[in-house]
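> Coordinates only, no sequence provided:
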């Protein structure tokens, strides 16, 4: 992949790690991503959602060069970048997050996922002592569970058919874990993070009268059947779409993307991310990584690309 010219506000990074987005990239590989969708508005590192195109949005690397308008002292420092999988990337300064000089790069490759988890907490706004369910314990689900465990809640109930993920959820603070939603008492709030439309029905069923269901998943481009019949209607529940590309408009304007990102950095610093990362694969073997992704092996949790 050829790099674009280095603009005055751009930085060039040599990638150390990049993390596959299992949910979104699986949608792309299986042909379920709407090709009319803009991959990322305003970020020159991305092409269009039409094959062939580059993708990926969480990389950690070392800055090799900067544009004329930037301070050359940035060269040699490490940064997180919203950039596709590539040995080198050119991105606007606004699309990187500087890391502290002595910080190990590995935890921060999940910074975009943790920012999503923080955004979900901001949108959900769980009350002290509330009972909460989380559907899906992929990377975002686990990170969200870890944040919920810091909120002074009552029960934190996690659902996932993968028992290894459920074990990780317990280690990160879940109080109850189940493979199926029929096994639990009602909760006041549910977060649907699995990417499976059937899980939304389960979330509606386990959420109580007047409860709130946060939808943080992208569903396939084909029409998704939503179970909004008697159960949902009589229980006067609220469905709320959460998306990290914008902030909750009900929050004060001081709740900015920069503030959210700083919280995400702090939250990752003391998190045992090694338990989330299951596979490290050299980028030159990317084809093997994507075969693993599509195989839906229970042993595959979070794939990380490494770069020489």
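Sure thing, it's come through. It should be emphasised that the depicted structure is a prediction, and the values quoted were computed from it without experimental measurement.
> count of residues packed around residue 203?
28 (other Cβ atoms under 10 Å). In this view, the C-beta of every residue, glycine as well, is placed from N, C-alpha and C.
> mind checking the SS state of it?
helix (DSSP: H, G, I helix; E, B strand; the rest coil).
> With residue 276 as the reference, measure out to the residue nearest in space to the middle of the chain.
In the chain, the centroid-proximal residue (Cα atoms, centre = their mean) is residue 113; its distance is 3.0 Å. Between residue 113 and residue 276 the computed distance is 9 Å (Cβ to Cβ, to the nearest Å).
> Which neighbours do the two have in common?
Counting by Cβ atoms under 8 Å, 6 or more residues apart in numbering, the residues touching both residue 113 and residue 276 are 139, 143.
> Okay, now the unreliable bits of the chain?
1, 31-53, 220-224 (pLDDT under 70).
> for it, what spans make up the helices?
Taking DSSP state H, the helices of the chain run over residues 22-29, 111-124, 139-148, 163-171, 197-206, 230-234, 257-269, 286-295.
> Counting by contacts, list what the fifth one packs against.
It stands for helix 197-206. Judged by 3 or more Cβ pairs under 8 Å, 6 or more residues apart in numbering; DSSP states H and E, helix 197-206 is in contact with strand 132-135, strand 156-159, strand 187-192, strand 207-215, helix 230-234.
> For that helix, which outside residues touch it?
By Cβ under 8 Å, 6+ apart, helix 197-206 touches 133, 135-136, 157, 159, 181, 184, 186-187, 190-192, 213, 215, 217, 219-220, 224-227, 231-232, 235, 237.
> and that helix with strand 207-215, angle?
Counting by axes from the mean of the first three to the mean of the last three Cα atoms, to 10 degrees, helix 197-206 lies at 150 degrees to strand 207-215.
> My read is that the residue nearest to the centre of the chain contacts residue 144, right?
No - checked against Cβ atoms under 8 Å, the pair residue 113 and residue 144 is beyond contact range at 9.3 Å.
> Contacts only, for residue 5.
Contacts for residue 5 were tallied using Cβ under 8 Å, 6+ apart; they are residue 90.
> gap between it and residue 55?
According to Cβ to Cβ, residue 5 stands 21 Å off from residue 55.
> for residue 91, same thing?
Taken as Cβ to Cβ, the span from residue 91 to residue 55 is 14 Å.
> Same question for residue 217.
From residue 217 to residue 55 the distance is 18 Å (Cβ to Cβ).
> ok, those two, which is more surrounded?
For residue 217 versus residue 55, the count of surrounding residues by other Cβ under 10 Å is larger for residue 217: 23 against 19.
> State the distance from the nearest residue to the more buried one once chain neighbours are set aside to residue 65.
Of all residues not flanking residue 217 in the chain, residue 195 sits nearest, at 4.5 Å (Cβ to Cβ, 6 or more residues apart in numbering). Look at residue 195 and residue 65: by Cβ to Cβ, they are 38 Å apart.
> How about residue 205?
Taking Cβ to Cβ, one finds residue 205 at 54 Å from residue 65.
> sorry, back to before: present the helices and strands packed on helix 197-206 as CSV; the columns should include mean neighbour count and distance to residue 306.
Listed next are the helices and strands packed on helix 197-206 as CSV, based on neighbours: other Cβ atoms under 10 Å; distance: least, Cβ to Cβ, whole Å:
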stretch, mean neighbour count, distance to residue 306
strand 132-135, 28, 30
strand 156-159, 28, 29
strand 187-192, 26, 31
strand 207-215, 19, 33
helix 230-234, 11, 45
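> In JSON lines, list those along with distance to residue 282.
Shown next, in JSON lines, are those (distance: least, Cβ to Cβ, whole Å):
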{"stretch": "strand 132-135", "distance to residue 282": "33"}
{"stretch": "strand 156-159", "distance to residue 282": "32"}
{"stretch": "strand 187-192", "distance to residue 282": "34"}
{"stretch": "strand 207-215", "distance to residue 282": "36"}
{"stretch": "helix 230-234", "distance to residue 282": "47"}
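> Nearest to residue 251 among these would be which one?
strand 207-215 (14.6 Å; Cβ to Cβ).
> For that closest one, name the packing helices and strands.
With contacts taken as 3+ Cβ pairs under 8 Å, 6+ apart, strand 207-215 sits against helix 111-124, strand 187-192, helix 197-206, strand 238-241.
> Return the set of buried residues in stretch 147-158.
Within stretch 147-158, the residues scored as buried using 16 or more other Cβ atoms under 10 Å are 147, 148, 151, 153, 155, 156, 157, 158.
> do the same with stretch 289-308
So for stretch 289-308, counting by 16+ other Cβ under 10 Å, buried means 289, 290, 292, 293, 300, 301, 302, 303, 304, 305, 307.
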